[in-house]
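# got a sequence here, can you model it:
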Amino acid sequence: MSFVYVANFNSANVSVIDTKVNRLIANIQVQGSPIATILSPNGQYCYVLSQGSPGNVTVIDTKDHKVMATIQVGVVTSSSLPNNPMAITHDGQWIYVANSASSNVTVIDTKDYRVIANVQLITIPNSIAITADDQFAYVVNADSGSVTVIETKTNQVISSTGIDLGAFDILITPDGRYIYACSNVDANVFVLDRKGNQVIAIISVGMVAGDLSLDITADGQYVYVTNTIDATVSVIEVRTNQVISTVGVGLFPLIPKVMADGRYVYVVNQGENTVSVIDTKTNRVVSTVGVGLMPFTLRITADDRYVYVVNGGENTVSVIEAKTNRVISTVRVGSLPQALAITP
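Coordinates of the predicted model:
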């Protein structure tokens, strides 16, 4: 049985959708205004980050949808657009939280829900990614335009690499060799080599208004980047670090998500209330799906059968059947949904 957990900013709760019937089965109250959700690797727990001074992380047991704990972190403010301010190690032991307003990263032990470290930075952390071997957490910082590397064994900063101002999103290739970080000032994607944490390539993509977002195919061959002003998606070949295709999508594209099998990329177009579907073989749009008002982000089920889209302007979640690329259900949730996570 699979569930969708939807963080609702204005109503300070998390809506739970049963994917079998696509019905709302619970609303879980949390402290503060929730802005991000992640799952433990085994899907047993959902972690919800809320903004505030201090911010907090709510731990929800996905078996019975009960709150297990609430953990205070640093000062957290909401981004205007989706980002990844929270990450969990692949063994499920540690959670790293980017506290954007207190310029630090909180580390939580998931065994006893205890804060074990607050790693001080000198900048505003936006998004976090953790290497597959769980040795390092990479943090992208907006105001200083840098990537900070935290060694997870000691929770000490071991490196900081300058990129462009407005750094927003970050990902690590599946083989762990390269880090891709994007900036919205000069519309560049920076590639760092993990060995020396040095920039080895700067890739110009389309123009943006606010933020760029990234996703990568499971085989690590291609990175997809949304360009909001251009209404395009840039396709970067990892082997050459060249843009090999620019795909026209809908207005103000925000989030690209690649299917687990790599066949299609789904892109939220907030400016026209649609989702574009890109065939990765041809890098062409094969379908445009109408969803609700002001779609904010999306997630794909582990089996690639369904796509869940958060519609912040009408407090709903659209359910797209991937086989037909049609909306098969619309589920009403709490006020101003901003993030979601789907159990396996």
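# excluding its backbone neighbours, what's nearest the residue nearest the centre of the chain?
Centrality entry for the chain: nearest residue to the mean C-alpha point is residue 84, 4.2 Å, by C-alpha atoms, centre = their mean. The shortest distance from residue 84 to any non-neighbouring residue, by C-beta to C-beta, 6 or more residues apart in numbering, is to residue 127 (4.2 Å). Yep, even glycine has a C-beta here, placed from its N, CA and C like the rest.
# ok, back up a step: over to the residue nearest to the centre of the chain. Which of the three states is it?
When classified by DSSP: H, G, I helix; E, B strand; the rest coil, residue 84 comes out as coil.
# what's near enough to touch it?
36, 127-129, 169-170 (C-beta atoms under 8 Å, 6 or more residues apart in numbering).
# if we use 10 Å, what do you get?
36, 38, 98, 126-129, 140, 168-171, 213-214, 339 (C-beta atoms under 10 Å, 6 or more residues apart in numbering).
# and the least confident of the residues you listed?
In terms of pLDDT, the lowest of the contacts of residue 84 is residue 168, showing 82.
# what about that one, how many residues nearby?
26 (other C-beta atoms under 10 Å).
# so which bits of stretch 212-224 are buried?
212-217, 220, 222-224 (16 or more other C-beta atoms under 10 Å).
# what's the answer for stretch 180-189, then?
Result for stretch 180-189 [16+ other C-beta under 10 Å]: buried residues 180-184, 187-189.
# what about the contacts of residue 84, which are in strands?
The members of these that map onto strands under DSSP state E are 36, 38, 98, 126-129, 140, 168-171, 214, 339.
# rebuild those as a markdown table, extending it with distance to residue 294.
Shown next, in a markdown table, are the ones in strands among the contacts of residue 84 (distance: C-beta to C-beta, whole Å):
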| residue | distance to residue 294 |
| --- | --- |
| 36 | 18 |
| 38 | 23 |
| 98 | 24 |
| 126 | 22 |
| 127 | 22 |
| 128 | 26 |
| 129 | 27 |
| 140 | 25 |
| 168 | 20 |
| 169 | 20 |
| 170 | 25 |
| 171 | 25 |
| 214 | 22 |
| 339 | 14 |
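# now restrict those to buried residues only.
Buried among these by 16+ other C-beta under 10 Å: 36, 38, 98, 126-129, 140, 168-171, 214, 339.
# which one of those residues sits closest to residue 331?
residue 339 (15.3 Å; C-beta to C-beta).
# ok, and the closest non-adjacent residue to the closest one?
In space, residue 339 is closest to residue 7, 4.3 Å off (C-beta to C-beta, 6+ apart).
# so who does the one you found touch?
If you count contacts by C-beta under 10 Å, 6+ apart, residue 7 has them with 13-15, 30, 33-37, 46, 48-50, 58, 310, 333-334, 336-341.
# for the host helix or strand of it, which strands pair with it and how are they oriented?
Following DSSP states H and E, one finds residue 7 within strand 3-8. Partners of strand 3-8 in the sheet, by DSSP bridges, are strand 13-18 (antiparallel), strand 337-342 (antiparallel).
# mind putting those strands into TSV with distance to residue 194?
Formatted as TSV, the strands paired with strand 3-8 follow (distance: least, C-beta to C-beta, whole Å):
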stretch	distance to residue 194
strand 13-18	34
strand 337-342	27
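# quick revisit: residues in contact with the residue nearest to residue 84?
36, 79, 82-87, 98, 100, 138-142, 167-171, 181-182, 211, 213-214.
# could you measure from it over to residue 68?
Note on residue 127: its distance to residue 68, by C-beta to C-beta, to the nearest Å, is 25 Å.
# fine, thanks again, bye for now.
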